[in-house]
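Asks: Below are the sequence and a predicted model for it; my questions follow.
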Amino acid sequence: MSQITSQREKVVQEVMSHVKKITANFESQEPELHELRQIRDLVLTLADHPELFPDEHFPGPVGSEIETLYEISVESDLSNALYIYRPAPGKVSPVHDHATWAVVVGLEGEENNLVWKRMGDSSQPGQCKLAVERLVTVGPNQGVYYRSSDIHSISVPCDKPIKHLHLYGRCLLNLPERCDFDPVSGTYTKQKSVPRVQQPRA
Ligand SMILES: [Fe+2]
C-alpha cells in the first residue's frame, strides 16, 4: 500500500468516525439541517488534503465515458457511503432526487448545482411541477448538502473532469427509489440506471 493510500485511509477513517457519531443519532433516515451542516463541515476537512486523492488513484473519464465514480468508504450496513465523483466536462445531469441525504464537497473544478422547488400540489403520482430555487456553484473547499426529498441538477462548466467528494446516507447501489424529473412537462419517473462504482486504483 502506498504512503498516500495509507494516509488517505487514516484521514478518511477519522472523519467518518465523526460522521458516524452524528448519523447514529438519527431517529429516522432523515437528518436535521444542522446535522447535515456538521457533516458537510467534516467532509470539508477532507478537502484540505487534495494530495490524498491524486488522479493516478482516481482517474477521470476518458473517451466516451461521462463520469467515473470511486467508493472510498461505506459502513457494513451500507450507510454513510463516501465516493470520489468525476463527471466529464460539459456533463449535464437530469433533474433528480437522491432518496437519501447527500453532501457534496469540491476538490478540483467547479460544479453548478441548480436547486429546484416543488410548486403547488404534487400529490398525484408521476406529477410534480418544479421551479428553479437557486444556483449553487461548488468549487474546491466548498460544500452543499441535500435532504432526501431535495431536487437538483448539475452541470460541469469546466474544460476537464472535475473531482468532488460525495457522501450519501446510503450506498448508491442500495438506494430506495430515486426519481428523475422533467420540469417542462411537470412529471417524474423512477430512475432505473445504477451507477458503475469502481475501487480506487491504489
Ligand atoms: Fe445529485
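Replies: Yep, that arrived.

Asks: mind listing the helices for the chain?
Replies: In chain order, the chain shows helices spanning 3-23, 33-46, with DSSP state H as the criterion.

Asks: who's in contact with the residue nearest to Val74 when sequence neighbours are not counted?
Replies: In space, not counting the residues next to it along the chain, Val74 is nearest to Ala81; the distance is 4.3 Å by Cβ to Cβ, 6 or more residues apart in numbering. C-beta here means a position set from N, CA and C on the backbone, and glycine is covered the same way. By Cβ atoms under 8 Å, 6 or more residues apart in numbering, the contact set of Ala81 is Glu71, Ser73, Val74, Glu75, Leu167, Tyr168, Gly169, Arg170, Cys171, Leu172.

Asks: any idea of the pLDDT on Ala81?
Replies: Ala81 is assigned 98 on the pLDDT scale.

Asks: quick one: it from Ala102, how far?
Replies: For Ala81, the distance to Ala102 (Cβ to Cβ, to the nearest Å) stands at 10 Å.

Asks: who touches His98 in this structure?
Replies: When the contact criterion is Cβ under 8 Å, 6+ apart, the partners of His98 are Tyr146, Ser148, Asp150, Tyr168, Leu175, Arg178.

Asks: what's the most distant pair in those?
Replies: Comparing every pair within the contacts of His98 by Cβ to Cβ identifies Asp150 and Leu175 as the most remote, at 14.4 Å.

Asks: For Tyr145, give its distance to Gln38.
Replies: Tyr145 sits at a distance of 10 Å from Gln38 (criterion: Cβ to Cβ).

Asks: Give me the more crowded residue out of those two.
Replies: More neighbours surround Tyr145 than the other of Tyr145 and Gln38, with 21 against 17 (other Cβ atoms under 10 Å).

Asks: what about the more buried one, distance to Ser79?
Replies: 16 Å.

Asks: and if you look at Val156?
Replies: 28 Å.

Asks: before we move on, what about Leu165?
Replies: Distance of Leu165 to Ser79, given as Cβ to Cβ: 17 Å.

Asks: now do Ile39
Replies: Relative to Ser79, and taking Cβ to Cβ, Ile39 is found at 12 Å.

Asks: joint contacts of the two?
Replies: Between them, Ile39 and Ser79 have Thr23 as joint contacts when contacts are counted by Cβ under 8 Å, 6+ apart.

Asks: The two - which one has more neighbours?
Replies: With other Cβ under 10 Å as the criterion, Ile39 and Ser79 differ in neighbour count, and Ile39 comes out ahead with 25 against 19.

Asks: show me the residues around the more buried one that make contact.
Replies: With Cβ under 8 Å, 6+ apart as the criterion, the residues that contact Ile39 are Val19, Ile22, Thr23, Pro31, Val103, Tyr145, Leu167.

Asks: So what does the residue nearest to Asn174 when sequence neighbours are not counted look like in phi/psi?
Replies: Excluding its sequence neighbours, the residue lying closest to Asn174 (Cβ to Cβ, 6+ apart) is Leu78, at 4.8 Å. For Leu78, the backbone dihedrals (degrees, to the nearest 10) come out as phi 70, psi 20.

Asks: Hmm, Leu78 is touching Leu172, no?
Replies: No - judged on Cβ atoms under 8 Å, Leu78 makes no contact with Leu172 at a distance of 9.7 Å.
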